[in-house]
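Peer 1: Output the structure for:
(one chain, ligands or ions: 1)
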Amino acid sequence: KRRNPGQPEFVQAVQEVAEDIFEFIGDKVKYHEAQILRRIAEPDRVVSFRVCWEDDKGNIRVQRGWRVQNNNAIGPYKGGIRFHPSVTESVLKFLAFEQTFKNALTGLPMGGGKGGSNFNPKGKSVNEIMRFCQSFMTELYRHIGADVDVPAGDIGVGGREIGFMFGQYKRITNHFTGVLTGKGLEWGGSLIRTEATGYGAVYFLQNMLTSKGMDIAGKTAVISGSGNVATHAAEKIVQLGGKVLTLSDSEGFIHDPDGITQDKINWVKDLKNVRRGRISEYVKEFKGASFHGGGARPWGVACDLALPCATQNELNGEEAKTLLKNGCIGVAEGANMPTDLDGVHIFKAAKILYAPGKASNAGGVAVSGLEMSQNSARMSWKEEELQEMLKDIMRGIHDRCLEYGGQGGGYTDYVKGANIAGFKKVADAMLAFGVV
Ligand code: NDP
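Peer 2: All right, here's what the predicted structure looks like:
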């Protein structure tokens, strides 16, 4: 805390990891002497820059942009770009730190980074978004590269924004390289990248349930968010025979006791991606559903499974207790650090199946890693091949968590397993490099 004043999210993320790592390091002198944890918890660099753009009325607007390059011990920095008014240096440092462990867990050669801006894309015209993205890339381009740092999308940054940024990168450098992932299929993108995070989270949940002889079929699921991760998690739950009861956005949540079917999910995708509307509009379209406003969160709705897929700290200790009281047996995080530290402790103490985001939402960055490979080889894999690779990678992450998180008596601490497996890979690479 003393080292990072005013950065609560970053301190929280480091604290959560440190709890497990201290125990793992124990008397392993090599990690102590090399100060590995302290080194991973200090980003390689944080670049902060001005992003100046002109709105449709001709006003000059000034935003702040960042790229946090946390660690490149096992591969080029890799992590998304977030455009949201809540973005601060603390939020991006926490995300870049988490990303380092997550990327290591995938088994692919990727370091950890994250970037973004406090720009609010809501209510902006397409031209305003384009001008902002171009201005953002006009500075960012000098810090990234296919073998240096490869950003992707995140909250507020989807295929459209990646297109505007890739176009500007290409215009400035004249290089057509795999410098961003999440690209369109016509210009170097990978099949299933859009679906990968949500689908991957559900595959992870399925792996956890299978380890206990259970299944998603016939179970009810409560999901928060209504963006990329939430809608694809919902889709996969439905495909596997589960029933999705809720979705949300920053204004509140909708509860549909009849279940949010594939047709309804398609309607939500159109609402969010094309019409840029609010989730409250769902209840006008689908009778029987209710909207709970004022920023309400869905964790009070009784369910078997919960998938927080919106943002950080959206599920606190009280809400974790409510989920348990209502019979929830499995939680897989689609978002990054959606459960606060109290909530994490409550899930762990109850010994339910609880997957932290760095394990369960790694499917997105894993397919981004596969996009990088396809770009380097100048080829593209088929959808079925990628689906299989995604399933394999999620199974691999699950197994690595079991290896380091098995507590005896059949209980697996997935948080601990993910933290230790990710740490060990990065730490061993750092040791090999000496003091740098
Ligand atoms: P989107 O922008 O597509 O969707 C975000 C959703 O979360 C929206 O419904 C949004 O509502 C809601 N939301 C955002 N901020 C808040 C907030 N402060 N309070 C309440 N709701 C909020 O983003 P993604 O689906 O891509 O990302 C969601 C989460 O998943 C993030 O934590 C992200 O870091 C993580 N993630 C994403 C990956 C990906 O591949 N996209 C990969 C791994 C993790 P509203 O529209 O009202 O803002």
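Peer 1: how much distance is there from the helix-or-strand element of the chain with minimal mean pLDDT to the middle of the chain?
Peer 2: Lowest by mean pLDDT, DSSP states H and E among the helices and strands of the chain is helix 29-33, with a mean of 83. Here helix 29-33 is found 31 Å from its chain centre; the criterion is Cα atoms, centre = their mean, to the nearest Å.
Peer 1: hmm, who's touching the following helix or strand past it?
Peer 2: Sequence order places helix 36-40 as the next helix or strand after helix 29-33, per DSSP states H and E. Outside helix 36-40, the residues within contact range by Cβ atoms under 8 Å, 6 or more residues apart in numbering are 17-18, 21-22, 25, 31, 70-71, 97, 100, 423, 426-427, 430-431. Glycine gets a C-beta too; all of them are placed from N, C-alpha and C.
Peer 1: buried residues in stretch 380-390?
Peer 2: For stretch 380-390, burial by neighbour count (16 or more other Cβ atoms under 10 Å) applies to 380-381, 386-387, 389-390.
Peer 1: Need the residues that contact it.
Peer 2: 190-192, 196, 199-200, 203, 363, 366-367, 370, 374.
Peer 1: now, which of those residues lie close to the ligand?
Peer 2: Among the contacts of stretch 380-390, proximity to the ligand is found for none (Cβ under 6 Å from any ligand atom).
Peer 1: For the residues you listed, could you give me a markdown table that also reports pLDDT?
Peer 2: Shown next, in a markdown table, are the contacts of stretch 380-390 (pLDDT from 0 to 100):
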| residue | pLDDT |
| --- | --- |
| S190 | 98 |
| L191 | 98 |
| I192 | 96 |
| A196 | 97 |
| Y199 | 98 |
| G200 | 98 |
| Y203 | 98 |
| G363 | 97 |
| A366 | 98 |
| V367 | 98 |
| L370 | 98 |
| Q374 | 97 |
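Peer 1: Show me the two of those that sit farthest apart.
Peer 2: The span of these, defined through Cβ to Cβ, is set by Y203 and Q374 at 20.8 Å.
Peer 1: ok, the residue in the chain that the ligand sits nearest to - contacts?
Peer 2: Nearest residue of the chain to the ligand (Cβ to the nearest ligand atom) works out as G227 at 1.8 Å. Contacts here follow Cβ under 8 Å, 6+ apart; on that basis G227 touches 155, 249, 272, 309-310.
Peer 1: Give the phi and psi angles for it, as a check.
Peer 2: Note on G227: backbone dihedrals following degrees, to the nearest 10 are phi -100, psi -150.
Peer 1: Look up how far R160 lies from it.
Peer 2: 13 Å (Cβ to Cβ, to the nearest Å).
Peer 1: Where does pLDDT dip in the chain?
Peer 2: Counting by pLDDT under 70, the chain shows no low-confidence range.
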